[in-house]
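Asker: following is a predicted model, sequence given first.
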There are 2 protein chains.
Amino acid sequence: MSVDPTVKRLPRAVREQQMLDAAVRVFSRLGYHAASMDEIAETAGISKPMVYAYLGTKEELFIACLHREGARLTEAVFAVLSDDMPPEQQLRRAIEEFLQFVVNHRDGWSVLHRQARGQEPFAGEIAEIRRSWIGHLTTVLARITPDVPDVTPGAYALAGAVESLADWIVEFPDRHVGRDPDLTAARLTDLILNGLPRQ
Amino acid sequence: MSVDPTVKRLPRAVREQQMLDAAVRVFSRLGYHAASMDEIAETAGISKPMVYAYLGTKEELFIACLHREGARLTEAVFAVLSDDMPPEQQLRRAIEEFLQFVVNHRDGWSVLHRQARGQEPFAGEIAEIRRSWIGHLTTVLARITPDVPDVTPGAYALAGAVESLADWIVEFPDRHVGRDPDLTAARLTDLILNGLPRQ
DNA sequence: TACTCTACTTACTCGCGCGTAAGTTTACGG
DNA sequence: CCGTAAACTTACGCGCGAGTAAGTAGAGTA
């Protein structure tokens, strides 16, 4: 009696993904320290020792979240770029995909961007992930302005601009232009290429 | 005997500032949760109950840090602007002062920007502080481009760009252009006004 | 000199949350 | 159909850190 047929035994690979899903959810809402392993386990619909058995300590679990979500983001943003695209179009497409990703994976984005920057031992980990996709950005910018000796500061500025816009879209979902991230991406691309539209 | 003459009794207002200094230091290195009240008290050179007596609970202490550092930042960035300045110059000066502030008050900046975004009950507090100076930015931008109906997204993008550049300067102090935040500010201003320098 | 208010301390309590020991059930390969 | 390995649980120990009780000492005031 009281046997719930929907709760089955599942293979490890499946459970691991469920646990990571739960961990990302909980970490995104509470941050690393305020999140408890008990709550993560409960959210995953499993008991706590299973989490330790599969994903290790809380610290290892958080890093696993970081890696999965970071990989997903990089994948989503740069997979759409092909080398024969004009670099201005690459730029616009990358910004589009970035904004789309954040809107569609708010929890993952929160974990990557808001919850553990500046707190060792995660700060280094996150900085490295961020540097990797800023590196991609640098390549794109260098193609647009081959005469500029070092586009690195431009890439950092651009990355920050996109991140901040993403947060804005998430914070005011109804207010942002036409409710369309792609339009916002186009506007930002235009701003970067041409500057503020004066006169 | 063993009376240390350097350790005197100090009036409350002085001690409070020392405690806030210590709290900002410790919170900036460890984040809200990993920081302990014991360590903050020790850093301030005082015993823990004094912290509770003067600044209240850990949560209240953190919020006090947020308010003090936020006020300092806003003060530093916008006090230099006068209404008769051309708006392009206001923009450049504001960016300069922002970058200077971050370089000179890294701990305060870390507390404001890295350590508690996304973690209630601080997320709202921080978002509000940030919105307030993005509001100032909006005003400046609106003067530069009076034809644009809503410069809000531009202000968010710009704010993110400046924040990200500030982090970059702090992360690679030797690599950034001419080691001079003012030069970086000028470059960013130029980028915003004119776009990427193509051809 | 006594009175008192403020600055300051030592020495606790107590709950929460990480991590684990030890045991139980289901699937599945032989 | 049986053994064994993988999936899964309950029920803890134990340390750390927020917050406090209860008291001491010095500095201004009458």
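Answerer: Noted; the coordinates are in hand. Worth saying up front: this structure is predicted, and the values here are computed from it rather than measured.

Asker: going forward, measure contacts and count neighbours with C-alpha atoms only.
Answerer: Will do.

Asker: wait, A:Val24 touches A:Val111, no?
Answerer: Yes. Between A:Val24 and A:Val111 there is a contact under Cα atoms under 8 Å: 6.7 Å.

Asker: need the residues touching each of those two.
Answerer: Contact criterion Cα atoms under 8 Å, 6 or more residues apart in numbering or on different chains; residues shared by A:Val24 and A:Val111: A:Cys65.

Asker: for chain A, what lies in contact range of DNA strand D?
Answerer: Contacts of chain A with DNA strand D, taken as Cα under 7 Å from any atom of the strand, map to A:8-12, A:15, A:45-50.

Asker: would you turn those into TSV with distance to B:Pro86?
Answerer: Formatted as TSV, these follow (distance: Cα to Cα, whole Å):
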residue	distance to B:Pro86
A:Lys8	69
A:Arg9	69
A:Leu10	66
A:Pro11	66
A:Arg12	64
A:Arg15	60
A:Gly45	60
A:Ile46	62
A:Ser47	63
A:Lys48	61
A:Pro49	63
A:Met50	63
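
Asker: list buried residues within those residues.
Answerer: Burial by neighbour count, judged by 16 or more other Cα atoms under 10 Å in any protein chain shown, picks out A:15, A:46 from the residues of chain A next to DNA strand D.

Asker: what is the nearest of the residues of chain A next to DNA strand D to DNA strand C?
Answerer: Nearest to DNA strand C among the residues of chain A next to DNA strand D is A:Pro49, at 4.4 Å by Cα to the nearest atom of the strand.

Asker: residue ranges with poor pLDDT in chain A?
Answerer: A:1-7, A:176-178, A:199 (pLDDT under 70).

Asker: so what's the residue positioned nearest the centre of chain A closest to, chain neighbours aside?
Answerer: For chain A, the residue nearest the mean C-alpha position is A:Trp109 (3.8 Å; Cα atoms, centre = their mean). The shortest distance from A:Trp109 to any non-neighbouring residue, by Cα to Cα, 6 or more residues apart in numbering or on different chains, is to A:Val102 (5.8 Å).

Asker: list the contacts for A:Pro173?
Answerer: A:Arg179.

Asker: need the phi and psi values for it.
Answerer: phi -60, psi -30 (degrees, to the nearest 10).

Asker: look up how far A:Leu30 lies from it.
Answerer: 21 Å (Cα to Cα, to the nearest Å).

Asker: residue contacts, A:Glu39?
Answerer: With contacts defined as Cα under 8 Å, 6+ apart, A:Glu39 is in contact with A:Val26.

Asker: now it: which helix or strand?
Answerer: In this assignment (DSSP states H and E), A:Glu39 forms part of helix A:37-44.

Asker: didn't A:Pro87 look like it was pressed against A:Val140?
Answerer: Yes. Using Cα under 8 Å as the test, A:Pro87 is close enough to A:Val140 to be in contact (6.0 Å).

Asker: please report the distance of A:Ser82 from B:Arg143.
Answerer: Applying Cα to Cα, the value for A:Ser82 to B:Arg143 is 39 Å.

Asker: the more surrounded of the two?
Answerer: Using other Cα atoms under 10 Å in any protein chain shown, the more surrounded residue of A:Ser82 and B:Arg143 is B:Arg143, with 14 against 10.

Asker: measure that one to A:Leu183 for me?
Answerer: For B:Arg143, the distance to A:Leu183 (Cα to Cα) stands at 24 Å.
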